[in-house]
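# my questions concern the predicted model and sequence given below.
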Amino acid sequence: MPSILLINGPNLNLLGTREPHIYGTTTLQDVENTCRKISAQHNVTTETFQSNHEGEIVDRIQQARGNKIDFIIINPAAYTHTSVAIRDALAAVSIPFIEVHIANVYARESFRHHSYLSDKAAGCVIGLGTFGYEAAVQSAILQLKRGSN
Ligand SMILES: O=C(O)[C@]1(O)C[C@H](CCCOc2ccccc2)[C@@H](O)[C@H](O)C1
């Protein structure tokens, strides 16, 4: 069964509990449950991982090859703007990925306007709130089906 890995970066464990005016009131658990439900409807499994630590995210990406992950959906959070290490880990495993951002990063501080990942992503979903995760899962499923045809 095809498998998606959903990775969320630092502070996203607080989703839905702080700064609702920016990130909304949906919790990370809600997001993960919704992604699992959507993928299950298409006979795709979704594994979820959240960490506040860059090295743990790198480790999880590296493990994805051996864990037979077919697609990655990642919100790197603040590491979007700083992490060559996460960029390099994604390149090393050669698993297609979609980058998700809840807020419109281009409408925020200028330091959020650069991503170390976007140019290597299969696609980016930015500024659609937590619905962006649903859009990313639906797109990943379509790409996986296309690849299996
Ligand atoms: O808009 C996004 O999804 C971001 O990846 C969120 C990051 C912040 C994640 C922290 O999320 C929180 C959620 C609730 C309360 C506090 C932080 C931010 O650093 C990026 O520039 C854009």
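Nice, I can see it. Numbers count the residues shown, from 1 in each chain.

# what is the neighbour count of the residue nearest to Leu128 when sequence neighbours are not counted?
The shortest distance from Leu128 to any non-neighbouring residue, by C-beta to C-beta, 6 or more residues apart in numbering, is to Ala135 (6.3 Å). Every residue, glycine included, has its C-beta placed from N, CA and C. Applying other C-beta atoms under 10 Å, we find 15 residues neighbouring Ala135.

# also Ser3?
A count of neighbours around Ser3, defined by other C-beta under 10 Å, yields 17.

# use 240 as the first number for this chain going forward.
Renumbered: residue one is now 240, and that last one reads Ser242.

# alpha carbons of the longest helix along the chain, as PDB, please.
In the chain, with assignment by DSSP state H, the single longest helix is helix 370-387. The C-alpha coordinates for helix 370-387 follow below in PDB (Å, rounded to 0.1, in the frame of the first residue of the first chain):
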ATOM      1  CA  PHE A 370      -6.700  23.100   4.500                       C
ATOM      2  CA  GLY A 371      -3.300  23.200   2.700                       C
ATOM      3  CA  TYR A 372      -2.500  19.900   4.300                       C
ATOM      4  CA  GLU A 373      -5.700  18.400   2.800                       C
ATOM      5  CA  ALA A 374      -4.800  19.800  -0.600                       C
ATOM      6  CA  ALA A 375      -1.300  18.400  -0.300                       C
ATOM      7  CA  VAL A 376      -2.500  14.900   0.600                       C
ATOM      8  CA  GLN A 377      -5.000  14.900  -2.300                       C
ATOM      9  CA  SER A 378      -2.200  16.000  -4.700                       C
ATOM     10  CA  ALA A 379       0.200  13.400  -3.400                       C
ATOM     11  CA  ILE A 380      -2.500  10.700  -3.900                       C
ATOM     12  CA  LEU A 381      -3.000  11.800  -7.500                       C
ATOM     13  CA  GLN A 382       0.700  11.800  -8.100                       C
ATOM     14  CA  LEU A 383       1.100   8.300  -6.600                       C
ATOM     15  CA  LYS A 384      -1.800   7.000  -8.700                       C
ATOM     16  CA  ARG A 385      -0.300   8.600 -11.800                       C
ATOM     17  CA  GLY A 386       3.000   7.000 -11.100                       C
ATOM     18  CA  SER A 387       1.400   3.600 -10.700                       C
END
